[in-house]
Structure formats: structure tokens, C-alpha cells
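**Student:** Model the structure of this input:
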Amino acid sequence: MTLNGKIALVTGAASGIGRACALALAEAGAQVVAADINGPGAQATVDAIAAFQRRAVAVPTDVGDLAQIDTMVKQALAEFGQIDILVNNAGVTRRADIMELTEADWDRIHRVNAKGVFFCLQRVAREMIPKRSGRIINIASIAGKGYAGTSNAAYAASKGAVISLTRTASQQLAKYDINVNSICPGVTLTALSNDNLAVRAREAGVTVEEMQRLRVADIPLRRANDPEDIAAMAVFLASPGARNITGQNYNVDGGIIPE
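**Tutor:** Here you go, the predicted structure:
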């Protein structure tokens, strides 16, 4: 139990990678604030955390709204008194060719994936700075490193922003002993990625099963991530073993991006 006594705030915790991170952090000993725009989904994650005999609370939050970010943090502090770990995970996308993307797509994706990540980081860092301690883990993507199979160019740009933010924030927050890293998932089996897979299958005129086979064939290890693969890295980066790691952007992708 490496995270006993720690308080973790996870955004986008209702499903997929966020839910897996919330559960894994709780299993490792942390108490958890599960934030998501989907309030009932966040509560379902909290209910699942009960199996680990950890305290957890659900906080409905739209991370694209700064007032809601502030409320989320205040509720976390009211419940637990501190925030030791932020998993900055909430994100959106849709499958689209570069010439199909609209201004509305760009604004929606960057509102959550870039603006939301930045202002969650900034608001939580305000609470970590006086304690001179904290771990911030941003969920980026290999799309931000040039992965050709990205869902769309706007999404790739938003995740590139997260990677750049991670590097800069790690430098500027290091003097407060706050570690900032990101995880860059590759193909990961979530409801969001499966929706995009179905669109790709229709575009290619093949079955979803055939598209699944083609997707895995491009991965050197021949398997896609489960959300728990990302959660395992998040737990490590939050743990004492990662105390001297900061400013890094770690691929968890089965070998797709060799860097």
C-alpha cells in the first residue's frame, strides 16, 4: 500500500482510463475524489472504490468551466483537507478527417483537453505549493507525438499541448517539490475508442471485428491497452518510487511510438 494517507483527485473518473486510475489509486491506499461531467458515472466509480475500504466522493464537474474547477477543488478540500495527487484525465474527441473538422470541433476538444487540463493543473497546484509537495499526472496521448492513427488532427494538437504543458509546468513547479509527468496511451480499449473504431470500420467498409484485428496488427506487442495498463503507470508516478521523476511523457502503447 504505497499511497496510504494520500488524497487523489481524478478527472474524467466515470469511465475508461479515469475510472481505472481512480480504482487503482484506491487499491494502492489513496482516498479518492472522482470528478466527471457524468455525475452518476462518477458516483458508480465511488461505489466501486468501497470494495477497497477507502473513502471516496463524487464531484460532478465540467473541466472546461473554471468556476466548476474551483468548486471541485473546494469540495475536495472540504472533504479531505488536502490534494496530494491529481490525475488530469478528462478528455473528448471524435473520429474525423482533417478536412471535416469544424470550428465547433476545435473549440469543444481544446476546451476540455487543453484548457481543462491547464486550469485543473493550475488550480490544484495552488493548493500543493504551500505544502511544497504534490504529484500531477496528465493523461496525454501518442497522438500528441505524431501517431498516424489519431482520431483527428484537433485531438492530436490538444494532446501535443498537454505534452508541452507537462514539460514547462514540471520546470516551473519543481522548486515547490511538485512532480509533473504525463502518460501517453496508445490504442486503449474504452467506450470512446470503440466508438471511433466503429466509425473507422464504416469508412473502410469492413466489419468492426476486422477493424479491431487491423488495429492490433499495427501494435508491435500485438495487444491494445486495457485502461488498467494506464492506471498502473499512474500509480507508479504517484508513488514514492517516482519521487525524482518529473517532466517526462511516458508512452504506454505496446511499442507503436519508439521513443
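**Student:** right, and residue 129 touches residue 178 too?
**Tutor:** Yes. Look at residue 129 against residue 178 with C-beta atoms under 8 Å: they come within range, at 7.2 Å. For every residue, glycine as well, the C-beta is placed using N, CA and C.
**Student:** more crowded one of these two?
**Tutor:** Using other C-beta atoms under 10 Å as the criterion, residue 129 and residue 178 rank with residue 178 on top: 23 against 15.
**Student:** Next, the more buried one: phi, psi?
**Tutor:** Backbone torsions of residue 178, given as degrees, to the nearest 10, read phi -110, psi 120.
**Student:** Check residue 11 too.
**Tutor:** phi -90, psi 150.
**Student:** Phi and psi next, for the residue nearest to it when sequence neighbours are not counted.
**Tutor:** Spatially, and ignoring its direct neighbours in sequence, residue 11 is nearest to residue 90 (4.0 Å; C-beta to C-beta, 6 or more residues apart in numbering). In terms of degrees, to the nearest 10, the main-chain angles of residue 90 are phi -50, psi 130.
**Student:** quick check, residue 136 in a helix?
**Tutor:** No. Looking at residue 136 with DSSP: H, G, I helix; E, B strand; the rest coil, it is strand, so not inside a helix.
**Student:** Show me the beta-bridge partners of it.
**Tutor:** residue 86, residue 180 (DSSP bridges).
**Student:** repeat for residue 58
**Tutor:** Residues in beta-bridge contact with residue 58 (DSSP bridges): residue 34.
**Student:** burial count for it?
**Tutor:** 25.
**Student:** And it, how far from residue 48?
**Tutor:** 11 Å (C-beta to C-beta, to the nearest Å).
**Student:** For the protein, identify the residue most remote from the centre.
**Tutor:** Centroid-distance maximum for the chain: residue 205 at 31.6 Å, with C-alpha atoms, centre = their mean.
**Student:** my read: residue 226 touches residue 186, true?
**Tutor:** No. Using C-beta under 8 Å as the test, residue 226 is too far from residue 186 to be in contact (11.8 Å).
**Student:** So the two - more neighbours on which side?
**Tutor:** Remark: of residue 226 and residue 186, residue 186 carries more neighbours, 23 against 14, as counted by other C-beta under 10 Å.
**Student:** Could you check how far the more buried one is from residue 108?
**Tutor:** 23 Å.
**Student:** With residue 205 instead?
**Tutor:** 28 Å.
**Student:** Lovely, talk soon.
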